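>>> Provide a 3D model corresponding to the input given below.
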Amino acid sequence: MPRPRLPLYLKILLWFGVNLLVLALLLVGFLSMQFRMSLDWMLSGEAGERIAAIGDILTDELSRLPEQEWPAALKRYEAQHGVAFALFGSNGAQVMGTEVQVPPGVVPKLIDRRSPGDHPPPRRPPSGTTRKRPTDAPPKPRFLLRAGDPAHYWAGIHLDLTQQSGNRPLTLLMVSNTITGGGLFFDLWPWYGLAAAALLVSALVWMPFVRGITGFIGRLNHAAGRIAQGNFGERVTRSRNDELGELSSSVNAMAAQLGEYVAEQRRITADVAHELCSPIARMQMALGVVEQRSTPEQAGYLQKLDSELQHMARLVEEVLAFSKAETLPDRETAEDIGLHDLIVAVIAREAPDANVQLHVPAELQLHSLHGALDRAIGNVLRNAVRYASEFGPVHIFAEQQDGITRIRIADQGPGVPPDALSRLFEPFYRPESARRRTTGGSGLGLAITKRCIEACRGTVTARLRQPAGLEIEMCIPSV
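Numbering: from 1, shown residues only. Next comes the predicted model:
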C-alpha cells in the first residue's frame with residue numbers, strides 16, 4: 001500500500017503543531033506541579049478577586065435573610081457555579097450547607113484566627129442597599145489548596161455576617177473536583193483564547209517563510225519535470241540567496257548542459273543519416289548493375305543483399321524523419337483539417353487490406369499541422385496493423401470536448417509489458433516481443449509520433465486495454 005503523499009507545507013505546519021504541543025505539555029506539567037505544591041499564588045489574580053466577590057455577595061445576601069433560609073441560598077449558589085458550598089464556624093466545625101469530608105490539611109484553614117478587633121463593627125446595611133467592601137479595607141483571609149484522596153480543590157474565605165445579635169464570623173468553603181471550579185477558581189477560556197491567538201499569530205509569522213520555501217520548491221519541481229520531458233530551455237529564476245537558490249542554479253546549469261548534449265547528439269545523428277543516404281543509393285545502383293550480369297546461382301545472394309540495403313535505407317529514412325520532426329512547427333503552418341477525410345487517406349495508404357474500423361464523425365474539424373498529424377496517425381496505425389491485425393480489428397475513435405480533440409487508436413493484440421508503457425515513445429526503444437527482424441521496426445515510429453503531436457501542441461499517451469490490446473491516445477487543441 002503506497003504511503004499517503006503530504007505536501008511539504010502541511011508537513012512543516014504539522015511539525016510546528018507538534019512543537020507547540022510539546023511546549024503546551026511542558027506548561028501544563030509546570031502548572032500541575034505548581035498546583036500540587038501551592039495554589040496560594042492564584043489568589044493574587046482573578047481567582048482571588050472572584051472568591052472575594054462571591055464572599056461579599058453571599059455575606060450581603062445572608063445578612064438580609066433569616067438563618068433558616070441560608071441553606072436554600074447556598075444551594076442556589078451551588079447550582080449556579082457547579083461547586084459545593086458549606087459554612088463553617090470559627091472553630092472549624094461545619095454549620096450548614098452540603099456536607100463535606102474535610103481533609104486534615106484543610107481543617108486549620110477553616111479556623112478563623114482573627115482577633116475580635118479584626119472584625120468590622122456590627123452594622124447592618126439599610127434596606128434596599130447592597131453592602132460593599134471599602135476599597136481601602138484589607139482583604140478578608142482567603143485560601144485555595146489541593147488536598148484529599150481522591151484529590152479535590154478547596155477554596156475558602158472568612159466572612160463577617162452582621163445580624164441583630166451582633167457580628168458572626170463564618171468561613172465559606174467551596175469544593176470542586178477540578179481546578180476550574182466551574183470558572184470560579186480558574187477560568188480556562190482566557191487561556192484557550194491566548195493559545196488560539198498564539199497559534200494564529202505564529203502561523204501568520206511562519207506563513208510567509210513556509211510559503212516562500214514551498215512555493216520555490218514547487219516552481220523548481222515544475223521546471224525539473226519540464227526538463228525531464230525534454231524541454232531543456234526551461235529555467236528557474238533564482239530569487240533566493242540560500243541553498244535553494246544554489247540548487248536552482250545547479251538545475252539551470254544541468255538543463256543547459258543537457259540541452260547542448262542532446263542537440264549535439266541530434267545533429268550528429270542527422271548528419272550521419274544524411275551522409276549514409278549517398279553511399280546507400282550508390283550501393284543500390286551498383287547492385288542493380290550486378291543483378292543484370294549475375295548468374296542464376298548468384299541470384300539468391302543478391303536478393304538477400306538487396307533486402308538488407310532496403311532495410312538500411314528505411315532505417316536511415318526514419319532517422320532523418322525523426323531529426324526533422326523537431327523543426328515541424330517552423331516548416332509547417334497550421335490549417336483547418338477535416339479529421340475524417342485525413343484518417344481515411346491514412347488508412348488507404350498505411351493499411352489498405354487491414355480490418356480497420358473508423359468511429360470518427362464526418363463533421364469533426366480542427367486547426368493544426370496537417371503533415372505532422374498525418375505522420376503521427378500513420379505511424380500509430382502502422383504499428384497496430386503490424387503487431388495486432390491478426391487478433392482482431394483495429395479501431396480508430398475521435399471526439400472533441402472542452403476544446404481538445406482526442407484521437408484513440410486501439411487494437412486487440414498482445415500489447416506490451418506494463419513496465420514498457422512509459423518507454424514506448426523513446427527513440428530506438430522496442431519491447432522484447434518486437435525485436436524480431438521480420439516484424440520489428442527501427443524503434444523510431446512512436447518517437448516520431450510523439451514529436452509530431454508535440455509540434456501540434458498536444459500530448460500522446462499509451463495504456464493497456466482489458467482483457468488484451470494496446471491503445472494510443474493523442475490529445476490536440478482543436479484551435
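>>> going forward, measure contacts and count neighbours with C-alpha atoms only.
Noted.
>>> which strands or helices does the longest helix anywhere in the chain pack on?
When the chain is scanned for its longest helix (criterion: DSSP state H), the result is helix 243-293. Contacts defined by 3 or more Cα pairs under 8 Å, 6 or more residues apart in numbering; DSSP states H and E place helix 243-293 against helix 189-228, helix 296-325.
>>> secondary structure of Gln412: a helix, I assume?
No: under DSSP: H, G, I helix; E, B strand; the rest coil, Gln412 falls outside any helix and is assigned coil.
>>> need phi/psi at it.
For Gln412, the backbone dihedrals (degrees, to the nearest 10) come out as phi -120, psi 30.
>>> what segments of the stretch 301-450 of the chain are strands?
335-338, 356-359, 365-368, 394-401, 404-410 (DSSP state E, counting those that start in this stretch).
>>> where does the prediction get shaky in the chain?
1-9, 30-42, 44, 112-139, 162-167, 326-328, 330, 432-442 (pLDDT under 70).
>>> show me the domain layout of it.
38-114+132-187, 235-325, 331-477 (automatic domain parsing).
>>> quick one: closest of these to Leu220.
For Leu220, the closest of these is domain 235-325, at 6.4 Å, according to Cα to Cα.
>>> okay, how far is it across that closest one, tip to tip?
24 Å (Cα to Cα, to the nearest Å).
>>> so how far is it off the chain centroid?
44 Å (Cα atoms, centre = their mean, to the nearest Å).
>>> quick one on the thing from earlier: any chance of the strands of the stretch 301-450 of the chain in TSV, plus distance to Ile111?
Listed next are the strands of the stretch 301-450 of the chain as TSV, based on distance: least, Cα to Cα, whole Å:
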stretch	distance to Ile111
strand 335-338	103
strand 356-359	100
strand 365-368	98
strand 394-401	88
strand 404-410	89
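>>> dump the ones you listed to a markdown table, plus mean neighbour count and distance to Arg457.
As requested, those are exported to a markdown table (neighbours: other Cα atoms under 10 Å; distance: least, Cα to Cα, whole Å):
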| stretch | mean neighbour count | distance to Arg457 |
| --- | --- | --- |
| strand 335-338 | 14 | 14 |
| strand 356-359 | 16 | 23 |
| strand 365-368 | 20 | 9 |
| strand 394-401 | 17 | 16 |
| strand 404-410 | 21 | 11 |
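>>> closest to Pro103 out of the ones you listed?
Smallest distance to Pro103 across the strands of the stretch 301-450 of the chain (Cα to Cα): 80.7 Å, for strand 394-401.
>>> quick one: strands adjacent to the closest one?
strand 356-359 (parallel), strand 404-410 (antiparallel) (DSSP bridges).
>>> reformat the ones you listed as CSV; add distance to Glu49.
Below are the strands paired with strand 394-401 laid out as CSV (distance: least, Cα to Cα, whole Å):
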stretch, distance to Glu49
strand 356-359, 85
strand 404-410, 73
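>>> Pro417 is nearest to which of those?
strand 404-410 (16.1 Å).
>>> my read is Phe85 is in a strand, agree?
Yes: assigned with three-state DSSP, Phe85 falls within a strand.
>>> assign the residue lying closest to it once chain neighbours are set aside to helix, strand or coil.
In space, and not counting its chain neighbours, Phe85 is closest to Met174: 4.8 Å by Cα to Cα, 6 or more residues apart in numbering. What three-state DSSP gives for Met174 is strand.
>>> gap between Met174 and Gly55?
10 Å.
>>> ok so, going back, test my guess that the residue nearest to Phe85 contacts Gly156.
Yes: counting by Cα atoms under 8 Å, Gly156 is a contact partner of Met174 at 6.0 Å.
>>> in three-state terms, label Gly230 for me.
coil.
>>> picking up where we left off before, out of the strands paired with strand 394-401, nearest to Ser202?
strand 404-410 (45.6 Å).
>>> this completes my enquiry, with thanks.
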